[in-house]
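**Q** got a predicted structure here, sequence first:
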Amino acid sequence: MKLDQDIVIVATKNKGKVREFEHAFAQLGKQVKSMFDYSDIPDVIEDGLTFAENALKKAKTVGDVLGLPVLADDSGLCVEALNGQPGVYSARYSGEHATDQLNNEKLLHELVQLKLGEDTEQSLLSPASFVCSLVLYNPSSGEHMETSGSVAGWITSDVAGAGGFGYDPLFYLSEYDKTMAELSLEEKQSISHRGVALRELISQLKK
Ligand SMILES: O=c1nc[nH]c2c1ncn2[C@H]1C[C@H](O)[C@@H](COP(=O)(O)OP(=O)(O)OP(=O)(O)O)O1
Ligand SMILES: [Mg+2]
């Protein structure tokens, strides 16, 4: 499968993801279009049990409508102390009116509740990882390519940083002694679940 066109269509309505894909594909001389450019295409119901299932559904739904190759990303946060939750439910963790802020508040509340009675001085509440599945779907052949990436860190109650999106402000990286939201776009892309999955996809496309 090739990614010949100069424009990459990404089946996302997440502004943070768009910013990261624009940054990554600009280095390849490619522009990015997202669902903000195709507002007439309805949201995809993400009822898959895995990130890969949801990414394929998003890419295939939009690719079949547009008749063009489409990339989709399904990603989330898996927290060890919550047995891997919120996982594929990360976007709506705080309910149907979920926002990044409400999701973060709920996550910290759940983890602090778990820790009550323990050493609550400790700001690092649980090991966690971000996981991303990317699917590139080609409607003319019906073929698709799937890659994934993950990055390990800790959920911290010392929320910090204004960069990134989603759970970044409470995802602590010991190797940087910073949260993901305190990293530059370049630093985040070099280590993030999305950066790993995208580099794998691009290397497979070059084969
Ligand atoms: O790099 C990240 N840094 C922080 N948080 C992140 C990241 N990557 C995913 N996440 C969280 C945000 C959202 O709560 C959920 C994604 O859910 P997910 O369905 O894949 O994306 P979405 O609904 O926001 O947009 P869309 O489905 O249109 O791509 O995981
Ligand atoms: Mg979604």
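**A** Okay, I see it. Residues are numbered from 1 along each chain as shown. Ligands and ions are numbered 1, 2, ... in the order given.

**Q** the residue of the chain found nearest ligand 1 in helix, strand or coil?
**A** Of all residues in the chain, residue 166 sits closest to ligand 1, with a separation of 2.3 Å (C-beta to the nearest ligand atom). C-beta here means a position set from N, CA and C on the backbone, and glycine is covered the same way. Classification of residue 166 by DSSP: H, G, I helix; E, B strand; the rest coil places it in coil.

**Q** burial of it, as a residue count?
**A** Other residues within reach of residue 166, judged by other C-beta atoms under 10 Å, total 21.

**Q** cool, and residue 110?
**A** For residue 110, the tally of surrounding residues (other C-beta under 10 Å) stands at 19.

**Q** per-residue confidence for it?
**A** pLDDT recorded at residue 110 is 96.

**Q** before we move on, back to that, for the nearest residue to the residue of the chain closest to ligand 1 once chain neighbours are set aside, give me the backbone phi and psi.
**A** The spatially closest residue to residue 166, leaving aside those adjacent along the chain, is residue 100, at 5.3 Å (C-beta to C-beta, 6 or more residues apart in numbering). When read as degrees, to the nearest 10, the backbone of residue 100 gives phi -60, psi -40.

**Q** contacting residues around the residue positioned nearest the centre of the chain?
**A** By C-alpha atoms, centre = their mean, the chain has its centre lying nearest to residue 75, at 3.7 Å. Contacts for residue 75 (C-beta atoms under 8 Å, 6 or more residues apart in numbering) come out as 17, 51, 90, 130-133, 193-194.

**Q** check those residues one by one and keep those near ligand 1.
**A** Restricting the contacts of residue 75 to those near ligand 1 by C-beta under 6 Å from any ligand atom leaves 17, 90, 130, 194.

**Q** what subset of those is buried?
**A** Buried members of the ones next to ligand 1 among the contacts of residue 75, counted by 16 or more other C-beta atoms under 10 Å: 17, 90, 130, 194.

**Q** which of these lies closest to residue 112?
**A** Nearest to residue 112 out of these is residue 90 (C-beta to C-beta; 18.8 Å).

**Q** nearest residue to that closest one in space, please, no chain neighbours.
**A** Leaving aside its sequence neighbours, residue 90 sits nearest to residue 76 (C-beta to C-beta, 6+ apart; 3.3 Å).

**Q** these two touch, right, that neighbour and residue 128?
**A** No. Using C-beta atoms under 8 Å, residue 76 is not in contact with residue 128; the gap is 10.5 Å.

**Q** how many other residues sit next to the closest residue in space to residue 189 that isn't next to it in sequence?
**A** Of all residues not flanking residue 189 in the chain, residue 195 sits nearest, at 4.2 Å (C-beta to C-beta, 6+ apart). By other C-beta under 10 Å, the residues close to residue 195 number 20.

**Q** other SSEs contacting the helix or strand where residue 195 lies?
**A** Here residue 195, judged by DSSP states H and E, is contained in helix 193-205. Applying 3 or more C-beta pairs under 8 Å, 6 or more residues apart in numbering; DSSP states H and E, one finds that helix 193-205 makes contact with helix 15-26, strand 70-79, strand 124-138, strand 143-156.
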